[in-house]
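Undergrad: When you get a sec, could you give me coordinates for this:
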Amino acid sequence: MRWLPGAVTLAAASARTVPPESTQQALGYPSLFLLILIGALVPVVPTGALVSSAAVVAFHQTAPFSLALVFVTASLASFLGDAALYWLGRRGMRSRNGSRWLEAIRSRAPEERLAGAQEKLSEHGVAVLVLSRLIPAGRIPVMLACLMADWPLRRFARGNLPACLAWAVTYQLIGILGGSLFSEPWEGVVTAVALTVLVGVVPGVVRRLRGTPR
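TA: Down below sits the predicted model:
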């Protein structure tokens, strides 16, 4: 979470100088799509905060369907990013030497979390995919569990679609909440980012207090 102070500052600075709505739409949605797509492939981009911030800006716009466009953009980008990463992971599983994408997935799935994901996947199936998108750091272990269970891409995609929809709705609601509390978009963006950070940090704090390995 080292990106947080910079993300809050950047979000506030960007929102203080709000360009015309037509410019926001022309640049904002493609940028949001690209960043979320990259974030799905390289899980270091704070995609949840991006969706929440975009929802704040859309909430304060007068153009119709702005919030709907944020939802569609976020859902589609996350779904395509996950599908691409899963496809690359399957290629690595079939290769004798593996692949850097598969190694990247494995490096972000500690053994204890992978074991838990495999157990839950065998018990609950597709439902685990939906929950994995809503739990901080839960997506990659479940994706690796699906790879190790040799799920075909089509099966993974069917389960991941509602997961991406639920994820986009959740973080968009956080943004709407932040946007509704303040009249200025930049204040709502800062609040939405802070709420997103809180959502991501609390589970880790709870695990530490319980003495559970991360």
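Undergrad: show me where this protein has strands.
TA: Using DSSP state E, the chain contains no strands.
Undergrad: Helices along that one, start to end?
TA: Remark: helices assigned in the chain by DSSP state H are 4-16, 21-41, 47-59, 66-94, 100-107, 111-124, 127-134, 139-148, 153-181, 185-210.
Undergrad: so where's the protein uncertain?
TA: Scanning the chain for pLDDT under 70 picks out 1-27, 62-63, 96-98, 182-188, 191-193, 195-214.
Undergrad: at 80 instead, please
TA: Per-residue confidence for the chain (pLDDT under 80) gives these ranges: 1-28, 43-45, 61-64, 95-101, 136-137, 179-214.
Undergrad: circling back: and among the helices of the chain, the most buried is which?
TA: Mean neighbour count (mean count of other Cβ atoms under 10 Å) peaks for helix 47-59 among these, with a mean of 28. Quick note: C-beta positions are derived from backbone N, CA and C, even for glycine.
Undergrad: and it with helix 127-134, angle?
TA: Put simply, helix 47-59 runs at 70 degrees to helix 127-134, going by axes from the mean of the first three to the mean of the last three Cα atoms, to 10 degrees.
Undergrad: Could you check how far the nearest residue to residue 172 once chain neighbours are set aside is from residue 170?
TA: Excluding the flanking residues, the one nearest residue 172 by Cβ to Cβ, 6 or more residues apart in numbering is residue 55, at 4.4 Å. Distance, residue 55 to residue 170, by Cβ to Cβ, to the nearest Å: 11 Å.
Undergrad: cool, residue 104 as well?
TA: 25 Å.
Undergrad: Neighbours of residue 150, how many?
TA: Residue neighbour count, defined by other Cβ atoms under 10 Å, stands at 10 for residue 150.
Undergrad: tell me the contacts of it?
TA: Contacts of residue 150 were listed using Cβ atoms under 8 Å, 6 or more residues apart in numbering, and they are residue 93.
Undergrad: Likewise for residue 161?
TA: Contacts of residue 161 by Cβ under 8 Å, 6+ apart are residue 79.
Undergrad: Residue 75 against residue 168, yeah?
TA: Yes: with contact defined as Cβ atoms under 8 Å, residue 75 counts as touching residue 168 (4.3 Å).
Undergrad: ok, so what distance separates residue 80 from residue 121?
TA: Taking Cβ to Cβ as the measure, residue 80 falls 22 Å from residue 121.
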